[in-house]
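In: Predicted model, plus sequence, below.
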Amino acid sequence: MTDGVDGGPVDERDPVDGHERTDGGEPVEAAHEAEGAADPGPASGRPHHPYDHRTTPISRTVTRIVVPIILVTAISLLLQGHNLPGGGFIGAVLTVTAFVLVYVMFGLAYLQEDVLGLSASPEEDHGLVSGYRWLFAAGLALATAGGIAPILLGHPFLTQAVIFLEALPLYGELEVASALVFDLGVYFTVVGSLLTIVGEVGSE
Amino acid sequence: MQPTSEAVLGVVFLPFLAAALTPLIYRILGERTAYVAAGVALACLGLVTSLWLDGAHGVVAYEWIPSLGVSLSFYVDGLALLISFLASGVGVLILTYSRGYMHGEPAQPKYYAALLAFMGSMLGVALAGDLIALFVFWELTSLSSFVLIGHYSDEVASQYAARKSMLITVSGGLFMLVGFLLLVWMSGQALGEPTYSLTAMLAESEAIRAGLRETGLLVPVLLLVGLGAATKSAQVPFHVWLPNAMEAPTPVSAFLHSATMVKAGVYLVGRFRPLFLAENAPVFGEWTLLFAVLGLVTMTVAAVLAVGATDIKELLAYSTASHLGLIVAAFGLANEYGAEAGAFHILNHASFKAALFLVAGIVAHEAGTRKIDALSGLRNHLPITAVIATVASLSMAGVPPFNGFYSKELLFEATYEVAAHSGGLAWLLPIVAVLGSVFTFLYSIKFASLFFGDEPEGLDHVHRPPLVMLVPPAILGALVLAISAVPNLFIGALVGDVYASVLPGDAHSFAVHLPTSLTPYVLMSAITILVGAGLFPFYDRLHAAINAALRGPARANWWYDGAVEGATELGDWATPRVQTGHLRTYATWAMGATSVLALGGYLAAGVALPTFSGVGLSLAIVLVLLVAVISGFAVSRAPSHVAGVLTLSILGFMAAIFYILASAPDLALTQLVVETLVLVIFLLVLDQLPAFYGEIDRLRASRDALLSLVVGATVFVTVLVSTAANPDQALREFLSVRAGLPAEHGPVILDWGGGGNVVNVILVDFRAFDTLGEISVVAMAALAILTMVRMRTRGEMQ
């Protein structure tokens, strides 16, 4: 029980055992893939990407074009949710779909280093996942804070209000629902949680 | 006079506060923490005394869960005050004594914290005026007792004893809770509004009793509450935990397992006596049949077992069970003498038994052994202890003029009155009472005889105990003498009020006297003492005979151990079958169990399926659903994983189209997005799956097919049943109207949703609390997966 708790040397046998248990036929291939995804590559120059031989240029190009569209759609679904079909949950799942698509096509290392500019350290091999963890903690905190705020104003927990802002330039009258804060909390929680799960399971 | 709320709250919560601070205090004061703890007990005793001096009587209530009618209320009366006096008064002595006894022992902060927490819970039990509060404090005493019995947590015997007492007393408490809930339900029927208040129930006992009798619930409620009392007060056959509880340090035995905690059951019986026993109840009602018989059987059986004991603490433990039986029997009898005997014996038993336990602690501490065979002639080394032990033993034996005699005499009087009134089988009551008392006499004299006679070899190292260990039993011994000298003073000051608490209707005061003329009960006492004295020379033979007879199913322990071992074996047998480490096994059990429980629930509740009224669906919907069904079948025929996953997603997308056709755009959108995500994730893990699973076993295939049919049927029935019950029209209208914007509004609106999308407004506004719960679950799932995956790769599961 004490071994490896404090970030010491990781017992080499366990991942191998795990693969043999879960993967059945092809432990070697799977282990190679896992290592490749986690490997930061040579210290100098561009990292080596294991996706090169796994996906076709067509699918990668399509992904490059489609992902921004998906993300914009997701955000618009999130924002329009109060009046039209959409909402925090739907927006969040769509966002995750975009991320997963990138992940499938380019691998975790690409997403982590080239897209988000995070450096993967050999000890914390999923720097991205710890970021996702913060994301869902922040989402929960945001949703809860949005619930507590009305208490401070003397209303019951999670009371939502609609506020009309008059005479704005460009927009004229704008309706702002305080529920949007709560919806943002839902969005971040779901995005953070799903990406944590996908990242963690996927890097296995 | 109305009790002051500060005093009552102080009595109950001061010990808990002190318990929380104990680790800190121990760090500063070390073993002298005992004095601080004793000081806290003394403060409680002072508060109880002030309540008593004020003649406090009444209720102090605070809101706790107003929506359920549960309040944190305390009821002060004679019975509550007596038990509080015992808990705090004996507490002072025990905590002082612990300073000497626990010297150099391990885990002292835990010990003092648990003792103080116990004292607070016991005071809570005594003073609780609300059934839920009573139950909570009741189980808290069981918990603290568990910690204290298991004090030497590395020893197997302590672990066994602690588990045993916990299992028996806590489960008894749960039965009691069921009884309480039935009572509350009944109070709702009888009084118009359900109440958890003890005082409200006692005030309307007539109506509640009548209601219980009418609905046939009287006997079940009596049995349930009786189970709580019997397990806590170690009544036969639940007495088995008490002798094992002697694994605790001796001060704990003296405090919890003689003077206070085991009195909780007796207290419960006394507290509910006026509720269940009418003022002019028949001599043999349900109450009497249950408690008088239970008490007398316990009194006799436990006294016989005490004679069979080989260890002084074991002897005292069985003796405690026996005396608790006496009190329960006394409360069980439906006449005034019974109430008098029970009320008076609570005080008497606490005084002599706590003293005897402390004496046993001195003997064990100084002589180094607790074996009855090895102990004799201790008076040479422990002269003061010998005097205390003699006085307390004679009182326990029921020898006049000591205080134990008076209460036992009252019990004899009560049983004789019942027998003389009813005749027939009722004569068994006085006979059994005398029989039990004979054995009580025998073991009491045996305990005293440890201090007399010849001194065996090897006991010459015994030295006198420190003063902190000698003064507390001396005070208790002096109390025994004081009650013996002026019993009527104590009755007038304290016991009289207890008597009033346990009696239905008005109570008159009572007094006891040494007998001056020959009455039947004096004769019973004389028989007890004479037969006991006559049998004493044959004590060793009796002891051997009892031990010889105690084997196999004759021992209650045989049943307990058998049940526990059986349950353990069942667990050992079931675990490798249910938890194999294969996901498919877990899924099989979880889904199978869910389906069986749900379908069983529908059957038990007699849910009727809605009648089939034709397919009211458009052609488009029927076609879409048909495609979905076909793709469902196609999944099982898919030649490869990729084909299977793609076919499965056809089903999902058909469901989304169905939502669109049924004009539910939000659902359709969610379904589409989730379906897409699942598809992508499937593709992600697809090449990690084995391509070939091996030959399919025909048996397993048919089992899985059956299970999937059952699960499908469960979902089908659930959907049918839940959609058949249309939601309230008013609710539907409220939601659809309020979700939008009012025609005229100010700059800020609070009670309208202000959104065009009803579904989303429900999610984030009307039912936002539900959504908050759901996203918490999502976050929790992520955390769980994160932990599991990380722990596996770090090898912490090994």
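Out: The structure has been received and is ready for your questions. Numbers count the residues shown, from 1 in each chain, chains lettered A, B, ... in the order given.
In: confidence score at residue 110?
Out: Picking chain A for this. Each residue has a pLDDT score; the one for residue A:110 is 72.
In: meant chain B, my bad for not saying
Out: pLDDT for residue B:110: 92.
In: pretty sure residue B:663 belongs to a strand, no?
Out: No - according to DSSP: H, G, I helix; E, B strand; the rest coil, residue B:663 belongs to no strand; its state is coil.
In: tell me the contacts of it?
Out: With CB atoms under 8 Å, 6 or more residues apart in numbering or on different chains as the criterion, no residue contacts residue B:663. All C-beta spots, glycine's among them, are computed from the backbone N, C-alpha and C.
In: I'd like the distance between it and residue B:588.
Out: 38 Å (CB to CB, to the nearest Å).
In: Show me the strands in chain B, by range?
Out: B:58-65, B:70-76, B:748-749 (DSSP state E).
In: what packs against the shortest one?
Out: Applying 3 or more CB pairs under 8 Å, 6 or more residues apart in numbering or on different chains; DSSP states H and E, we find strand B:748-749 packed against strand A:162-168.
In: List the strands paired with the strand it packs on, with their directions.
Out: Using DSSP bridges, the strands paired with strand A:162-168 are strand A:172-177 (antiparallel), strand B:748-749 (antiparallel).
In: So for residue B:678, which of the ones you listed sits nearest?
Out: Closest of the strands paired with strand A:162-168 to residue B:678 is strand A:172-177, at 30.6 Å (criterion: CB to CB).
In: next structured bit after that closest one?
Out: Next helix or strand after strand A:172-177 toward the C-terminus (DSSP states H and E): helix A:179-202.
In: Can you name every helix or strand that that following helix contacts?
Out: helix A:57-80, helix A:88-106, helix A:127-152, helix B:665-686, helix B:768-793.
In: closest one to residue B:237 among the ones you listed?
Out: With respect to residue B:237, and counting by CB to CB, the nearest of the helices and strands packed on helix A:179-202 is helix B:768-793 at 44.0 Å.
In: List the contacts of the residue nearest to residue B:257 when sequence neighbours are not counted.
Out: Take residue B:257 and drop its neighbours on the chain: the residue closest to it by CB to CB, 6 or more residues apart in numbering or on different chains is residue B:245, 5.1 Å away. Counting by CB under 8 Å, 6+ apart, residue B:245 touches B:145, B:149, B:161, B:165, B:253, B:256-257, B:317.
In: mind showing which ranges of chain A have poor pLDDT?
Out: Scanning chain A for pLDDT under 70 picks out A:1-54, A:111-129, A:203-204.
In: will you turn the helices and strands packed on helix A:179-202 into a markdown table that also has distance to residue B:199 and mean neighbour count?
Out: Below are the helices and strands packed on helix A:179-202 laid out as a markdown table (distance: least, CB to CB, whole Å; neighbours: other CB atoms under 10 Å in any protein chain shown):
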| stretch | distance to residue B:199 | mean neighbour count |
| --- | --- | --- |
| helix A:57-80 | 57 | 14 |
| helix A:88-106 | 51 | 24 |
| helix A:127-152 | 36 | 18 |
| helix B:665-686 | 54 | 19 |
| helix B:768-793 | 36 | 17 |
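In: Among the ones you listed, which comes closest to residue B:294?
Out: Closest to residue B:294 of the helices and strands packed on helix A:179-202 is helix B:768-793 (CB to CB; 47.0 Å).
In: pretty sure residue B:173 contacts residue B:142?
Out: Yes - at 6.2 Å, residue B:173 counts as touching residue B:142 under the criterion of CB atoms under 8 Å.
In: overlap in contacts of those two?
Out: Contact criterion CB under 8 Å, 6+ apart; residues shared by residue B:173 and residue B:142: residue B:232.
In: just to revisit the earlier point, how about TSV for the strands paired with strand A:162-168, with distance to residue B:234 and mean neighbour count added?
Out: Below are these laid out as TSV (distance: least, CB to CB, whole Å; neighbours: other CB under 10 Å):
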stretch	distance to residue B:234	mean neighbour count
strand A:172-177	63	14
strand B:748-749	65	14
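In: got CSV for those, with distance to residue B:194 too?
Out: Shown next, in CSV, are the strands paired with strand A:162-168 (distance: least, CB to CB, whole Å):
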stretch, distance to residue B:194
strand A:172-177, 42
strand B:748-749, 39
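In: Could you check those strands and tell me which one is nearest residue B:782?
Out: strand A:172-177 (27.4 Å).
In: which other residues reach the closest one?
Out: Contact with strand A:172-177 is made by A:82, A:160-168, B:754-755, B:765, as judged by CB under 8 Å, 6+ apart.
In: The same query, at a cut-off of 10 Å, please.
Out: For strand A:172-177, the surrounding residues in contact (CB atoms under 10 Å, 6 or more residues apart in numbering or on different chains) are A:81-83, A:160-168, A:183, B:741, B:749, B:753-755, B:760-761, B:764-765.
In: Buried residues, the lengthiest helix in chain B. List them.
Out: What stands out as the longest helix in chain B, according to DSSP state H, is helix B:156-191. Neighbour-count burial for helix B:156-191 flags B:158, B:160-170, B:172-173, B:175-177, B:179-184, B:186-187, B:190-191 (criterion: 16 or more other CB atoms under 10 Å in any protein chain shown).
In: quick one: that helix to chain centroid distance?
Out: Here helix B:156-191 is found 4 Å from its chain centre; the criterion is CA atoms, centre = their mean, to the nearest Å.
In: got the angle between it and strand B:70-76?
Out: 100 degrees (axes from the mean of the first three to the mean of the last three CA atoms, to 10 degrees).
In: ok, how many other residues are close to the closest residue to residue B:427 other than its chain neighbours?
Out: Leaving aside its chain neighbours, residue B:427 sits nearest to residue B:419 (4.7 Å; criterion: CB to CB, 6+ apart). By the criterion of other CB atoms under 10 Å in any protein chain shown, residue B:419 has 20 neighbours.
In: likewise residue B:24?
Out: 11.
In: Give the rounded mean pLDDT of the longest helix of chain B.
Out: Helix B:156-191 comes out at a mean pLDDT of 92.
In: just checking, what packs against that helix?
Out: helix B:131-149, helix B:198-203, helix B:205-215, helix B:218-232, helix B:241-244, helix B:263-276, helix B:556-578 (3 or more CB pairs under 10 Å, 6 or more residues apart in numbering or on different chains; DSSP states H and E).
In: which one of the strands of chain B lies closest to residue A:146?
Out: strand B:748-749 (16.0 Å).
In: Residue B:676: what's it in contact with?
Out: Contacts of residue B:676 (CB under 10 Å, 6+ apart): A:70, A:93-94, A:96-97, A:100-101, B:649, B:652-653, B:656.
In: repeat for residue A:59
Out: A:101, A:104-105.
In: Tell me the one among these nearest to chain B.
Out: Nearest to chain B among these is residue A:104, at 5.4 Å by CB to the nearest CB.
In: wait, doesn't the closest one sit right on residue B:681?
Out: Yes - assessed by CB atoms under 10 Å, residue A:104 is found in contact with residue B:681 at 8.8 Å.
In: quick one: low-confidence parts of chain B?
Out: Ranges of chain B meeting pLDDT under 70: B:459-460, B:507, B:614-615, B:687, B:691-695, B:726-727, B:793-798.
In: Domains in it, by residue range?
Out: Chain B is divided into the following domains under automatic domain parsing: B:1-229, B:277-574.
In: Same question for stretch B:67-74: list its buried residues.
Out: For stretch B:67-74, burial by neighbour count (16+ other CB under 10 Å) applies to B:69-74.
In: for that stretch, the distance to its chain's centre please.
Out: The chain centroid and the centroid of stretch B:67-74 are separated by 20 Å, computed with CA atoms, centre = their mean.
In: How about the stretch 501-650 of chain B, which of its residues are in the neighbourhood of chain A?
Out: Applying CB under 10 Å from any CB of the partner chain, we find that the stretch 501-650 of chain B lies next to chain A at B:581-583.
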